[in-house]
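Undergrad: A predicted structure for the sequence below; I have some questions about it.
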Amino acid sequence: MKMKDICMLFFGLFLILTAPMSVSAYDLPSVNLGFTSFLDGAPPSGPGFYFTQYFQLWTSDEFKDENSDPLFPPAVGEDLEAWIFLSQLTYQSDTEILLGGKWGLDVLVPYVKLDVAYDIAGPFPQDNGTGIGDIWVGPYLQWDPIMGDNGPKFMHRFSLGFVLPTGSYDSSKALNQGSNVFSFNPYWAGTYFFTPKWTATTRIYYLINDENDDPAPGLTNSKAGQAFHFNFASAYEVLPGKLRLGINGYYLKQISNSEQDGANIAGKEQVFGIGPGMLFSLNKDAHFFINIYKETSAELRPEGTRVNLRFVGHF
């Protein structure tokens, strides 16, 4: 090890040992970063039941501080893998209940495998292994598409999302499947058709978190700040009724400071991810998505790459 690395290592360890561990770890609950993308403004096949299965791999070899600089010196060699298996059941009714909107319900259950490793021993953030994540329940209103001369022009939905603290949680671990708090995470999603082949989509969320009464050791309570996050995508149909190719991304920005024992924590989480994507339709009731994201501009969180596979079936 070079002398420069040794000096940086000792300086990094000093910072870790003299600051609360939760400052340098995940603070916000897990949210939808890149799980949804193309044609998200409405269920693809009208009313009925849908089953969606997601498989997402998130890898990172660099944790960032509040200034988007490396949190640890290079000798630490942090390496994070998160395997996320998310199962979703959706019911879309054909019954209007408010302003023309038809009611629906989403229930999402995550199963998460976390694995973080380091090149050297030290008091670094640790993971909580494998377990169930926090269940997301979202009653929503879906509006019928606004039609143009050549097909749909715009379709959209509004959902009330509630995150339930059902996930595995260990207050001594920095990286957990669950957050140990209730959260309110509503969103609006819309898709606009520039032409029948070319579309643009977004899903915009706001996140409000309750207090955590079992925070990191040495603390009485903590509360994650509020955050704004959204997914965006644009795709072009290259095979009629079969294949769309495009670009997809997401952005997360924490709005208010997190708190520990009533005191504000310096810094706010942030990340931006972007990359290519594909939507392949096997038929009108079965659709397969592939999305890849390279992250940048991360603050107070790991920065890496996400690969997302998604299957949607209507029955």
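TA: Thanks, I have it. Numbers count the residues shown, from 1 in each chain.
Undergrad: got the contact list for the residue nearest to residue 142 when sequence neighbours are not counted?
TA: Nearest residue to residue 142 in three dimensions, chain neighbours excluded: residue 157, at 4.6 Å (Cβ to Cβ, 6 or more residues apart in numbering). Yep, even glycine has a C-beta here, placed from its N, CA and C like the rest. Each residue near residue 157 by Cβ atoms under 8 Å, 6 or more residues apart in numbering is listed here: 41, 42, 104, 140, 141, 142, 143, 188, 189, 190.
Undergrad: now residue 27
TA: With contacts defined as Cβ under 8 Å, 6+ apart, the neighbours of residue 27 are 222, 224, 225, 254, 258, 265, 269, 300.
Undergrad: For it, which three-state class applies?
TA: What DSSP: H, G, I helix; E, B strand; the rest coil gives for residue 27 is coil.
Undergrad: likewise the one 4 residues further on?
TA: Judged by three-state DSSP, the three-state class of residue 31 is coil.
Undergrad: re the thing from before, narrow the contacts of residue 157 to those in strands?
TA: Among the contacts of residue 157, the subset assigned to strands under DSSP state E consists of 104, 140, 141, 142, 188, 189, 190.
Undergrad: Just give me how far stretch 105-120 sits from the chain centre.
TA: The chain centre lies 11 Å from the centre of stretch 105-120; the measure is Cα atoms, centre = their mean, to the nearest Å.
Undergrad: Restrict it to CA atoms and write it as PDB.
TA: Below are the C-alpha coordinates for stretch 105-120, written out as PDB (Å, rounded to 0.1, in the frame of the first residue of the first chain):
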ATOM      1  CA  LEU A 105     -55.200  -0.900  -6.500                       C
ATOM      2  CA  ASP A 106     -51.500  -1.900  -6.500                       C
ATOM      3  CA  VAL A 107     -49.800  -4.100  -3.900                       C
ATOM      4  CA  LEU A 108     -46.000  -4.600  -4.100                       C
ATOM      5  CA  VAL A 109     -43.900  -7.000  -2.100                       C
ATOM      6  CA  PRO A 110     -40.100  -6.900  -2.300                       C
ATOM      7  CA  TYR A 111     -37.600  -9.500  -1.400                       C
ATOM      8  CA  VAL A 112     -34.100  -8.200  -1.200                       C
ATOM      9  CA  LYS A 113     -30.600  -9.700  -1.000                       C
ATOM     10  CA  LEU A 114     -27.900  -7.300   0.200                       C
ATOM     11  CA  ASP A 115     -24.200  -8.000   0.100                       C
ATOM     12  CA  VAL A 116     -21.600  -5.400   1.000                       C
ATOM     13  CA  ALA A 117     -17.900  -6.200   1.200                       C
ATOM     14  CA  TYR A 118     -14.600  -4.300   1.800                       C
ATOM     15  CA  ASP A 119     -11.000  -4.900   1.100                       C
ATOM     16  CA  ILE A 120      -9.900  -4.200   4.600                       C
END
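Undergrad: quick one: residue 292 and residue 37, what's the gap?
TA: Look at residue 292 and residue 37: by Cβ to Cβ, to the nearest Å, they are 11 Å apart.
Undergrad: show me where the stretch 51-200 of the chain has helices.
TA: Counting by DSSP state H, counting those that start in this stretch, the stretch 51-200 of the chain has no helices to list.
Undergrad: Verify the contact between residue 252 and residue 231 for me.
TA: No: taking Cβ atoms under 8 Å as the definition, residue 252 is not a contact partner of residue 231, at 10.1 Å.
Undergrad: so what sits against both of those two?
TA: Residues touching both residue 252 and residue 231 (Cβ under 8 Å, 6+ apart): residue 33.
Undergrad: And the residue nearest to residue 142, how far from residue 138?
TA: From residue 157 to residue 138 the distance is 10 Å (Cβ to Cβ).
Undergrad: okay, the residue nearest to residue 142: pLDDT?
TA: Model confidence at residue 157, given as pLDDT, is 98.
Undergrad: Equivalent analysis for residue 22, please.
TA: 39.
Undergrad: Over to residue 304?
TA: At residue 304, pLDDT is 97.
Undergrad: which residues touch the nearest residue to it once chain neighbours are set aside?
TA: Distances taken as Cβ to Cβ, 6+ apart place residue 60 nearest to residue 304, at 3.0 Å, with adjacent residues excluded. Listed by Cβ under 8 Å, 6+ apart, the contact set of residue 60 reads 78, 79, 80, 295, 302, 303, 304, 305.
Undergrad: Please list only the buried members of those.
TA: Buried by 16 or more other Cβ atoms under 10 Å: 78, 79, 80, 295, 302, 303, 304, out of the contacts of residue 60.
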